[in-house]
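> pasting the structure only:
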């Protein structure tokens, strides 16, 4: 299951994942739940100081303030203009907001951004997140309890199912030196997530390269696992008749 509500932006066609996300194939109640997932603002604390959410949550000033959000990482194809009002008015300035324009497609490369995103999270982290040395083992640390809650970073995509959990998993893998599956299992206890097949492979590569995809300081020589991923991606792009540089169509805010 992907988390895009616009389909595969690289091809302009809706994917089966997108159809399952929003329209569903089950009962009317199931479909309503999927629509709520797409359009109802929501966020949940994964570890102290780090929240997972959807794009609509960034437009809810009260929700941002109640959860002490003071930094954001956006992983969507939405334009920067989305966050010029409500988000800024909630006290989150541009220098504390990192935007990675990306699609939840079969050819999207998030690995190229992972180190920079993880570095940004470290730079913005509250003492609670900075001091994290292991995954919490009890629920009291992960409730959305505003009383005494630390300042926090919100990581979001469209639905909060694929791209944003991928980045949270990648960050916790690097910070705590944990295996992908262990972190995925932990995140699943906080919220139902399902990184796409493409992003799952990238998390596997992230673990194989030791949380750094480049073999040199200039970032020109990819490590072997990342090089293999890039070669497979290039072959898939060629098969689709794409270059990988196609512009992403911005979402329409309703």
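Yep, that arrived. Just so it is clear, the structure is predicted and the values come from calculations on it, not from any experiment.

> Contacts only, for residue 190.
Going by Cβ atoms under 8 Å, 6 or more residues apart in numbering, residue 190 touches 44-46, 52, 142. C-beta coordinates here come from the backbone N, C-alpha and C atoms, glycine included.

> again, only using 10 Å
44-47, 51-52, 136, 139, 142, 165, 168 (Cβ atoms under 10 Å, 6 or more residues apart in numbering).

> Can you tell me which of those residues end up in helices?
Counting by DSSP state H, those place 165, 168 in helices.

> Would you mind listing the two of the contacts of residue 190 that lie farthest apart?
Greatest spatial distance among these (Cβ to Cβ): 139 and 165, at 18.7 Å.

> doesn't residue 156 fall inside a strand?
Yes. Assigned with DSSP: H, G, I helix; E, B strand; the rest coil, residue 156 falls within a strand.

> pretty sure it is touching residue 60, no?
No. Using Cβ atoms under 10 Å, residue 156 is not in contact with residue 60; the gap is 11.4 Å.

> Give the residues shared as contacts by those two.
Common neighbours of residue 156 and residue 60 (Cβ under 10 Å, 6+ apart) are 41-43, 53.

> From those, which land in strands?
Residues of the shared contacts of residue 156 and residue 60 located in strands (DSSP state E): 43, 53.

> can I get the shared contacts of residue 156 and residue 60 in JSON lines with neighbour count?
Converted to JSON lines, the shared contacts of residue 156 and residue 60 look like this (neighbours: other Cβ atoms under 10 Å):
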{"residue": "41", "neighbour count": "16"}
{"residue": "42", "neighbour count": "18"}
{"residue": "43", "neighbour count": "26"}
{"residue": "53", "neighbour count": "26"}
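
> quick one: which of the shared contacts of residue 156 and residue 60 is nearest residue 128?
Using Cβ to Cβ, these come closest to residue 128 at residue 43, 16.3 Å.

> still on that earlier bit, residue 156 and residue 60: which is more packed in?
residue 156 (26 against 18; other Cβ atoms under 10 Å).

> per-residue confidence at the closest residue to residue 149 other than its chain neighbours?
Closest residue in space to residue 149, ignoring its immediate chain neighbours: residue 68 at 5.3 Å, by Cβ to Cβ, 6 or more residues apart in numbering. Residue 68 is assigned a predicted lDDT (pLDDT) of 97.

> Make 55 the starting number, not 1.
Okay, residue one is now 55; in that scheme the one you just asked about reads as residue 122.

> Tell me where the stretch 205-308 of the chain has strands.
Secondary structure of the stretch 205-308 of the chain (DSSP state E, counting those that start in this stretch): strands at 206-211.

> any chance you could map the helices in it?
Secondary structure of the stretch 205-308 of the chain by DSSP state H, counting those that start in this stretch: the helices cover 217-230, 234-242, 251-262, 278-294.

> Now find how far off-centre the first one is within its chain.
If I follow you right, that is helix 217-230. 9 Å (Cα atoms, centre = their mean, to the nearest Å).
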